[in-house]
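Participant: heads up, no residue letters with this:
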């Protein structure tokens, strides 16, 4: 996601953009990582210990916490898994007579 799109996502509180923002935490460009964590912090109020300027295991662990949070927000579904059918069960109509 490009930086202007991140700003728009925060303004619109775009829930669908959170997945991409989490991916952008591992971007090779530190500026993209900075804006991604900033957007996520504004959208969620969380940081999970992520620091855009840290490399290696510390950053990977924080990204793992973000991915876990994202999975929990989606009800624990893995990426690409279908949403459960949330339609209410229909009750047979009872005739009054």
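Facilitator: Noted; the coordinates are in hand. Computed from a predicted model, the values in this text were never measured in an experiment.
Participant: tell me where the model's unsure across the protein.
Facilitator: When the per-residue scores of the chain are filtered using pLDDT under 70, the ranges that remain are 1-15, 76-97.
Participant: try 90
Facilitator: Residues of the chain meeting the criterion pLDDT under 90: 1-20, 42-43, 73-97.
Participant: longest helix anywhere in it?
Facilitator: helix 57-73 (DSSP state H).
Participant: okay, buried residues for that one please.
Facilitator: Neighbour-count burial for helix 57-73, with 16 or more other CB atoms under 10 Å as criterion, is recorded at 59, 62, 63, 66, 67, 69, 70. Every C-beta, even on glycine, is put in place using the N, C-alpha and C of the backbone.
Participant: all helices for the protein, in order.
Facilitator: For the chain, helices defined by DSSP H occupy the ranges 3-12, 18-24, 30-44, 57-73.
Participant: Serialize these to JSON lines and add fields for distance to residue 51.
Facilitator: Rendered in JSON lines, the data for the helices of the chain read as follows (distance: least, CB to CB, whole Å):
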{"stretch": "helix 3-12", "distance to residue 51": "17"}
{"stretch": "helix 18-24", "distance to residue 51": "14"}
{"stretch": "helix 30-44", "distance to residue 51": "8"}
{"stretch": "helix 57-73", "distance to residue 51": "7"}
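Participant: need the buried residues of helix 57-73 in CSV with distance to residue 39, can you?
Facilitator: Listed next are the buried residues of helix 57-73 as CSV, based on distance: CB to CB, whole Å:
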residue, distance to residue 39
59, 17
62, 15
63, 15
66, 12
67, 16
69, 14
70, 14
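Participant: which one of those is nearest to residue 31?
Facilitator: Sorting these by how near they are to residue 31, with CB to CB, puts residue 59 at the top with 15.2 Å.
Participant: which residues touch the closest one?
Facilitator: Listed by CB atoms under 8 Å, 6 or more residues apart in numbering, the contact set of residue 59 reads 25, 26, 50, 51.
Participant: how about CSV for those, with neighbour count and distance to residue 38 added?
Facilitator: Written out in CSV, the entries for the contacts of residue 59 read as follows (neighbours: other CB atoms under 10 Å; distance: CB to CB, whole Å):
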residue, neighbour count, distance to residue 38
25, 20, 11
26, 14, 15
50, 21, 11
51, 13, 12
